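>>> Based on what follows, work out the 3D shape:
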Amino acid sequence: MSLSLIEELPKIAAEGKKEVERILERLSSPNKLTLQTNEFVLPSKDRSGLFRGFVPNFKASAVKDFGDPQLKIPGLPAKGQQRLSHELRTEWVNRLVYGDNLLVMQALLTGDPATGLPSMRGKIDLIYIDPPFDSKADYRNKVILPGSTIEQRPAIIEQFAYSDTWKDGTVSYIKMIYPRLVLMRELLSDCGTIYIHTDWHVGHYIKILLDDIFGKENFLTEIVWQFSNKPLFSFIRHFPHDMNTILMYSKSKGSHLFEHQMVPVVRERKQNKVIWDPINKKRISARDENGNIIYEMSTEKICGSVWDIPMVNPNGRERVDYDTQKPEALLERIINASSNKNSIVADFFAGSGTMGAVAEGLGRRWIMSDIGKPAIMMTRKRLIDQQARPFFYQCIGDYQKEAFTQSRLFSRIGDLSQVVLSLYGAIPFPDENNPNRNLGYLKGSKTLVMVDSPSKLTGYATLKRAQELRESFLGGWNRVIVLGWNFVFDIGRHIQALNDERLEVLVIPPDLLDRLKTKAGYQKLLKSGQIRFSSLQYLSIKEPKVNRLTDDKEELFVELDNYVMLSPDALPIDDEGKETLQELMANDPLALLEYWSIDPDYDGETFRSQWQDYRENTENDSDPYHVITNAKLIVPKASGKRAICVKAVDVFGLESIIVKELP
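Presented below is the predicted three-dimensional model:
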């Protein structure tokens with residue numbers, strides 16, 4: 001007989017505490033996690049096809065609040081520092097992070113020397129999270145393309161968050177959330193507060209977890225968010241659900257930041273008898289036309305724990321077409337109540353990015369993360385659209401390494417490499433010739449196959465090593481194929497620079513480790529032959545043009561040429577969607593781009609996104625399903641060679657980058 005959920009809770013708590021202990025021990029080990037910076041975004045979206053240089057959207061008060069204009073950004077190259085000194089007003093840079101928040105929080109606790117981020121342990125004043133509600137929903141992302149809509153099944157990183165979460169029902173959900181809540185407590189400052197947004201599915205169980213983690217004495221209140229504008233239906237046989245709950249806990253009761261919020265009340269009330277309330281009413285020396293004394297109520301009263309805030313209007317200004325989007329008014333009240341100007345606030349289930357969007361306007365510093373690529377793409381566009389302060393877009397650089405570490409099927413990377421070789425159809429070499437166990441060959445051809453480690457980012461060094469092995473290993477080979485898990489963000493640039501027709505680079509399916517959790521799963525994949533290793537997607541642009549305008553300014557013309565996407569077989573979509581995608585790839589490949597950006601003076605280290613366009617930006621054209629394909633930028637004259645870097649992100653969240661040098 002299976003245990004009840006109440007009986008399971010002590011076991012879940014004990015396992016969660018042990019997991020957190022292991023995580024915290026790792027923080028001081030050589031294998032600690034760090035964040036990889038994909039993009040330094042200086043919001044300046046295209047409005048008319050002409051960009052005249054980055055102008056930061058700082059209000060005078062914000063500049064004062066955020067520090068000395070001469071302060072530099074830690075971790076950026078000296079060349080970049082010189083250009084950034086006039087653009088930024090603070091040492092702190094806000095962060096949008098893609099990845100599993102369990103890993104993101106580990107990286108934040110460790111710190112990020114590459115970008116000057118200290119350990120965030122005890123540094124965050126406010127955490128708000130709006131996690132999934134254990135609703136057993138089949139989370140899919142609808143990718144709307146010209147003439148069609150494709151339902152994209154979640155890739156491995158989304159599957160980890162959602163499908164595994166519901167595998168054993170509420171037990172799985174609680175196992176997922178417990179260690180994450182413990183890490184959030186580690187990140188909170190001594191005056192910090194956490195707000196956990198939930199509903200009737202799991203709210204009562206989460207309350208028990210929070211009492212255990214934060215202490216029952218640190219429970220502050222249960223907020224009821226009532227949706228006054230939600231339609232209610234009579235066909236259900238219970239009172240309709242028209243509210244969520246938000247549980248509020250402090251790190252240390254009594255020392256937490258808090259400021260009462262005021263809400264409007266009815267302005268006037270007529271009475272013959274005086275009812276005196278010094279907090280909410282004041283007497284007015286006047287009478288109405290019948291001679292009755294008028295007592296005017298205060299225009300405001302202290303906000304209680306029941307909040308009547310409308311849900312986001314489907315046609316409203318703030319709507320970004322995200323199913324679980326929360327209204328800005330809700331986050332504004334929370335941020336104002338439990339943080340100060342310059343406080344760091346965080347949301348580790350960012351969704352549509354409402355926390356960061358509101359924090360921007362209120363002068364707070366922020367960190368957001370999400371495990372879903374659609375959420376990250378939505379949030380980045382939303383921040384650019386509102387001309388947010390510059391921010392880092394980052395990710396967990398060694399996600400596959402973490403997935404391998406958690407795997408119980410493979411004790412060594414070499415074991416996994418042997419499996420990958422077999423699934424690709426290659427024959428592994430004997431161990432005496434192949435000590436790393438990552439080399440094989442295709443029968444009947446002189447083709448060498450090399451599997452890179454999930455603990456590495458496949459880059460230039462790996463490709464050079466593959467070329468060397470092709471020439472020297474066991475007498476030499478005609479071709480070499482590299483199978484990689486993770487890639488440096490500019491891998492396309494390295495492939496183009498090598499220009500080697502006898503070198504091929506293929507992507508190991510990102511969900512393979514998830515599908516190899518059991519030996520039975522491996523045997524099933526081996527028999528089915530359904531694993532597809534696809535080529536890297538890549539972007540091409542036409543040769544940029546430059547016109548000299550003045551002694552110190554130039555005009556650049558950048559135009560997209562083509563986009564070659566991964567094979568549809570490698571994408572998590574159904575057969576009908578694959579056919580639609582194949583047709584679009586052949587006839588309108590640039591329609592697959594969701595977002596593209598330009599660094600007109602790339603320093604080879606940090607991609608500084610100084611111009612952006614994305615689908616749904618209709619301020620420069622009337623087409624919501626295509627990006628514009630060309631840009632004209634007026635920039636300072638280059639002192640030497642100019643390197644123009646263009647980054648594109650497709651509708652599935654896959655990134656490509658290309659660099660062109662001008663004399």
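
>>> Report the beta-bridge partners for residue 556.
Beta bridges link residue 556 to residue 546, residue 633, judged by DSSP bridges.

>>> any idea how far it is from residue 29?
Residue 556 is 46 Å from residue 29, where distance means C-beta to C-beta, to the nearest Å. (Each C-beta comes from the backbone N, C-alpha and C, glycine too.)

>>> With neighbour numbers in mind, choose between the two.
Using other C-beta atoms under 10 Å, the more surrounded residue of residue 556 and residue 29 is residue 556, with 22 against 8.

>>> Where does the prediction get shaky in the stretch 51-200 of the chain?
51-90, 133-140, 153-167 (pLDDT under 70).

>>> how long is stretch 599-606 from one end to the other?
Start and end residues of stretch 599-606 are separated by 9 Å (C-alpha to C-alpha, to the nearest Å).

>>> Same question for it: list its buried residues.
For stretch 599-606, the neighbour count (16 or more other C-beta atoms under 10 Å) marks 599-603, 606 as buried.

>>> Which strands or helices does the host helix or strand of residue 17 pack on?
Residue 17 is part of helix 5-26 when elements are defined by DSSP states H and E. Identification of packing neighbours for helix 5-26 by 3 or more C-beta pairs under 8 Å, 6 or more residues apart in numbering; DSSP states H and E yields helix 101-110, helix 170-187, helix 203-214.

>>> any idea which helix or strand comes after it?
Criterion used, DSSP H and E; the element after helix 5-26 is strand 35-41.

>>> Give me the angle between that next one and helix 101-110.
With axes from the mean of the first three to the mean of the last three C-alpha atoms, to 10 degrees defining the directions, strand 35-41 sits at 90 degrees from helix 101-110.

>>> Return the alpha-carbon coordinates of strand 35-41 using CSV.
Once non-C-alpha atoms are left out, strand 35-41 reads as follows in CSV (Å, rounded to 0.1, in the frame of the first residue of the first chain):
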residue,chain,number,x,y,z
LEU,A,35,27.0,31.7,-15.5
GLN,A,36,27.8,32.1,-19.2
THR,A,37,27.0,35.6,-20.7
ASN,A,38,25.4,35.2,-24.1
GLU,A,39,24.5,38.9,-24.6
PHE,A,40,24.9,42.3,-23.0
VAL,A,41,21.7,44.0,-24.0
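
>>> What strands line up against that strand, and which way round?
The strands that strand 35-41 pairs with in its sheet are strand 391-396 (antiparallel), strand 608-609 (parallel) (by DSSP bridges).

>>> possible to save these as a markdown table with mean pLDDT?
Listed next are those as a markdown table, based on pLDDT from 0 to 100:
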| stretch | mean pLDDT |
| --- | --- |
| strand 391-396 | 90 |
| strand 608-609 | 93 |
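
>>> could those be laid out in CSV, adding mean neighbour count and distance to residue 361?
Output for the strands paired with strand 35-41, formatted as CSV (neighbours: other C-beta atoms under 10 Å; distance: least, C-beta to C-beta, whole Å):
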stretch, mean neighbour count, distance to residue 361
strand 391-396, 23, 14
strand 608-609, 24, 21
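
>>> Output the ones you listed in TSV, with distance to residue 566 appended to each entry.
Below are these laid out as TSV (distance: least, C-beta to C-beta, whole Å):
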stretch	distance to residue 566
strand 391-396	18
strand 608-609	23
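
>>> I'd like to know which of those lies nearest to residue 466.
Minimum separation from residue 466 across these (C-beta to C-beta) falls at strand 391-396, 24.8 Å.

>>> so where do the strands sit in the stretch 151-300 of the chain?
For the stretch 151-300 of the chain, the strands defined by DSSP state E, counting those that start in this stretch occupy 188-198, 219-226, 243-250, 262-264, 268-270, 281-287, 293-297, 300-302.

>>> Out of those strands, name the one with the poorest average pLDDT.
Sorting those by mean pLDDT places strand 268-270 lowest, at a mean of 47.

>>> From residue 358, how far off is residue 526?
Residue 526 is 50 Å from residue 358, where distance means C-beta to C-beta.

>>> Can you pick out the residue with more neighbours from the two?
Counted by other C-beta under 10 Å, residue 526 and residue 358 do not tie: residue 358 has more neighbours, with 25 against 13.

>>> what about the more buried one, distance to residue 498?
According to C-beta to C-beta, residue 358 and residue 498 sit 46 Å apart.

>>> Same check on residue 473?
Taken as C-beta to C-beta, the span from residue 473 to residue 498 is 18 Å.

>>> So if I had to pick from those two, which one is more boxed in?
residue 473 (18 against 15).

>>> contacting residues around the closest residue to the more buried one other than its chain neighbours?
Excluding its sequence neighbours, the residue lying closest to residue 473 (C-beta to C-beta, 6 or more residues apart in numbering) is residue 448, at 6.5 Å. Residue 448 sits next to 439-441, 466, 469-470, 473, 477, 479-481 when contact means C-beta atoms under 8 Å, 6 or more residues apart in numbering.

>>> beta partners of residue 448?
Going by DSSP bridges, residue 448 forms beta bridges with residue 441, residue 480.

>>> Can you say which of the strands paired with strand 35-41 is nearest to residue 542?
Among the strands paired with strand 35-41, strand 608-609 sits nearest to residue 542 (C-beta to C-beta), with 20.1 Å.

>>> residues making contact with the closest one?
For strand 608-609, contacts defined as C-beta under 8 Å, 6+ apart pick out 39-42, 80, 83, 597-599, 601-602, 647.

>>> after that strand, next one along is what?
Next along the chain after strand 608-609, with elements defined by DSSP H and E, is strand 611-614.

>>> can you tell me which residues contact residue 203?
245, 247.

>>> Equivalent analysis for the one 5 residues further on, please.
With contact taken as C-beta under 8 Å, 6+ apart, residue 208 is in contact with residue 9.

>>> Please tell me the pLDDT value assigned to it.
94.

>>> For residue 145, what are phi and psi?
Main-chain torsions, residue 145, degrees, to the nearest 10: phi -120, psi 160.

>>> residues near it, how many?
Residues near residue 145, counting by other C-beta under 10 Å, number 18.
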